[in-house]
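Visitor: This is a predicted model, with the sequence first.
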Amino acid sequence: MKAVITPIANEYENEAANLIINIQQKEFNVPITLEDQPDLFNIQNFYYASGGGFWGAFIDDQLVGTIALIKFEKHKAAIRKMFVKKEFRGKEFSIAQKLLETLIEYCRENQIDDLYLGTITKLEAALRFYEKNNFIRIEKQTLPKDFPVMAPDNVFCHLNIKN
């Protein structure tokens, strides 16, 4: 089974929201609700309008993963909504890797040189994944002033794409 990575927009908002909220709440007990994430019901305006994007990973036409990009300065952007269904994680499918590579390629093509992200300490596998992909942990106070911080986030990372 090969994953197909493709840009998605509002027509997938319910599928994306279900995938994301199930992982956040049921799997990791993150104290966040759909109401805390209105961006999921306005993908077009929230992500694409500023020069970012939103991608889905599909296996047999089923949405199994997402990743999104918010461009918040001319050459800076934030990764958001990086989620892969539990049964499709790991090296066998490499969905997270393919999603991240798609996003980084988009950044290169669109002169986005710096990628940032926020996450939470309990998502240890995600942090290891980002560090394997050359992200470095940074202190919250060193984030660019326009970085869109999410309330639960307590770990922040940066990747310079130019280097």
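Guide: Yes, it's here.
Visitor: Could you find the closest non-adjacent residue to F58?
Guide: V4 (4.8 Å; C-beta to C-beta, 6 or more residues apart in numbering). The C-beta positions use only the backbone N, C-alpha and C, and glycine is treated the same way.
Visitor: List the backbone torsions phi and psi for that neighbour.
Guide: phi -110, psi 120 (degrees, to the nearest 10).
Visitor: For it, list the residues it contacts.
Guide: 57-59 (C-beta atoms under 8 Å, 6 or more residues apart in numbering).
Visitor: just curious, which of these is nearest to Q111?
Guide: A57 (25.2 Å; C-beta to C-beta).
Visitor: beta partners for that closest one?
Guide: Beta bridges link A57 to I5, G65, judged by DSSP bridges.
Visitor: One more: F83?
Guide: Per DSSP bridges, the residues bridged to F83 are T66.
Visitor: Give me the residues contacting stretch 86-97.
Guide: 1, 3, 23, 27, 57, 59, 64-65, 82, 84, 125, 129, 133.
Visitor: Using CSV, write down the CA coordinates of that stretch.
Guide: Provided in CSV are the C-alpha atoms of stretch 86-97 (Å, rounded to 0.1, in the frame of the first residue of the first chain):
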residue,chain,number,x,y,z
LYS,A,86,-1.7,5.0,14.5
GLU,A,87,-2.0,2.0,12.2
PHE,A,88,-0.1,3.8,9.4
ARG,A,89,2.8,5.1,11.4
GLY,A,90,6.4,3.9,11.2
LYS,A,91,8.9,3.0,8.6
GLU,A,92,6.7,0.5,6.8
PHE,A,93,4.6,3.4,5.4
SER,A,94,6.9,6.4,5.9
ILE,A,95,3.8,8.6,5.8
ALA,A,96,5.1,11.2,8.2
GLN,A,97,8.4,11.4,6.3
